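Visitor: next input, structure requested:
(chains A, B, C and D)
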Protein chains: 2
Amino acid sequence: MSLASELELNQPFDDLSHEALLNVYFTTSWIKKMAGQFFQAYGLTDVQFNLLALLKYQGEEKAGLTQVELSRMMLVNRPNVTGLVDRLERMGLVRRDAVPGDRRSNRVVLTGAGERKMAEVEGRYYELIHTMMSPLSAGEQRQLIGLLERVRGALGRGTEEPD
Amino acid sequence: MSLASELELNQPFDDLSHEALLNVYFTTSWIKKMAGQFFQAYGLTDVQFNLLALLKYQGEEKAGLTQVELSRMMLVNRPNVTGLVDRLERMGLVRRDAVPGDRRSNRVVLTGAGERKMAEVEGRYYELIHTMMSPLSAGEQRQLIGLLERVRGALGRGTEEPD
DNA sequence: GGGGTATTGTTTATATGGAAACTATCTGGA
DNA sequence: TCCAGATAGTTTCCATATAAACAATACCCC
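Guide: Here you go, the predicted model:
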């Protein structure tokens, strides 16, 4: 169904680019709502799961990631990572380890409880993702990825944090 | 460039559906950052502009929209609209008008200042949108819209506010 | 080796998002 | 009529996001 119908707009879109942009925007909103509902049952948010997944799969040799690395991989700024890690630390799912040789940095690492939580949630989350993307064939998913990569290519990805 | 390279991941994606989903997610993040930077010069946020645009183009006969209507068209819940309208009202860009015959409702209406702000910003924003979507031809933009509509079709759009 | 500069993380302020619970009002049915 | 349930808006609490400014530390270059 078209976005204008889904949103029950009184007037249709007048501009193709605008409609395309809003389709990307509202599809993300829809995905985040679905994911949010899913994670509630596990006491997590989608963003918290994402951070835990980065620690599990992107940490080199189980050494975790620094907050700057997390910030870059999640496309959010450093203050935001401070708060995310604070909450996950309070929940007992991650730990801040000192970095020998650089007293400015932390390595954020999964705790045992964090690993167990990931083991509990992960499989079911990938099932949800597959269900959400199931209307598209593998070829169509690759097509979608290609189109979105070309959109992000415009004007460079010059959105690094100015700070 | 692939998402894994953009985010400088140490390990590539292992799952096509996951990669597609994250491409949608991070493209929205990228779009919102670009739009946010653009609107800063005008003292607005992207969300505030969206609300003003709905009032300008979706209000029937210049009567504005109720907060429930705004909530549905923006895919956010009612408490959120209260805050958005509060801020725009404080900025003098919108007004809450009484609805004759239903004392529970407001009609949110653009003020003169709101109309002037829209006139100032709108054209340049559509230029930005066209630039952002310019890597795709019209046909490709329609293709993108079609793929995203089919994703949102999965499992119905049953994400109405439970409340 | 010492001083300017860059980097890492934090704090504070504000905007946007959801959930739950509340008030006021409206509507439909016995 | 009147009362039960639905609807509109708000309040409160919390999570996530940005920007700006700061402290501590590291680095580079003369």
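
Visitor: alpha carbons only for contacts and neighbour counts from here, please
Guide: OK.

Visitor: and what about residue A:136, helix, strand or coil?
Guide: Under DSSP: H, G, I helix; E, B strand; the rest coil, residue A:136 falls in the coil class.

Visitor: neighbours of it, how many?
Guide: 19 (other Cα atoms under 10 Å in any protein chain shown).

Visitor: residue B:148 is in contact with that one, correct?
Guide: No. Residue A:136 lies out of contact with residue B:148 (Cα atoms under 8 Å); the separation is 9.3 Å.

Visitor: what is the burial count for residue A:104?
Guide: 8.

Visitor: the strand or helix carrying residue A:140 and chain B in contact?
Guide: Applying DSSP states H and E as the criterion places residue A:140 in helix A:138-153. Yes. Judged by Cα under 8 Å from any Cα of the partner chain, helix A:138-153 comes into contact with chain B at A:138, A:140-142, A:144-145, A:147-153.

Visitor: show me what counts as buried in the longest strand seen in chain A.
Guide: When chain A is parsed with DSSP state E, its longest strand is strand A:102-110. Across strand A:102-110, burial judged by 16 or more other Cα atoms under 10 Å in any protein chain shown covers A:105, A:106, A:107, A:108, A:109, A:110.

Visitor: any regions of chain A where pLDDT drops low?
Guide: A:61-62, A:155-163 (pLDDT under 70).

Visitor: run a quick neighbour tally on the closest residue to residue A:57 other than its chain neighbours.
Guide: Nearest residue to residue A:57, sequence neighbours excluded (Cα to Cα, 6 or more residues apart in numbering or on different chains): residue B:11, at 7.1 Å. Residue B:11: 13 surrounding residues under other Cα under 10 Å.

Visitor: wait, is residue B:11 part of a helix?
Guide: No. Counting by three-state DSSP, residue B:11 falls outside a helix, being coil.

Visitor: could you measure from the residue most central in space within chain A over to residue B:152?
Guide: When Cα atoms, centre = their mean is applied to chain A, the residue found nearest the centroid is residue A:50 (5.0 Å). As judged by Cα to Cα, to the nearest Å, residue A:50 and residue B:152 stand 21 Å apart.

Visitor: next one: stretch A:98-114 to chain centre, how far?
Guide: 21 Å (Cα atoms, centre = their mean, to the nearest Å).

Visitor: lovely, talk soon.
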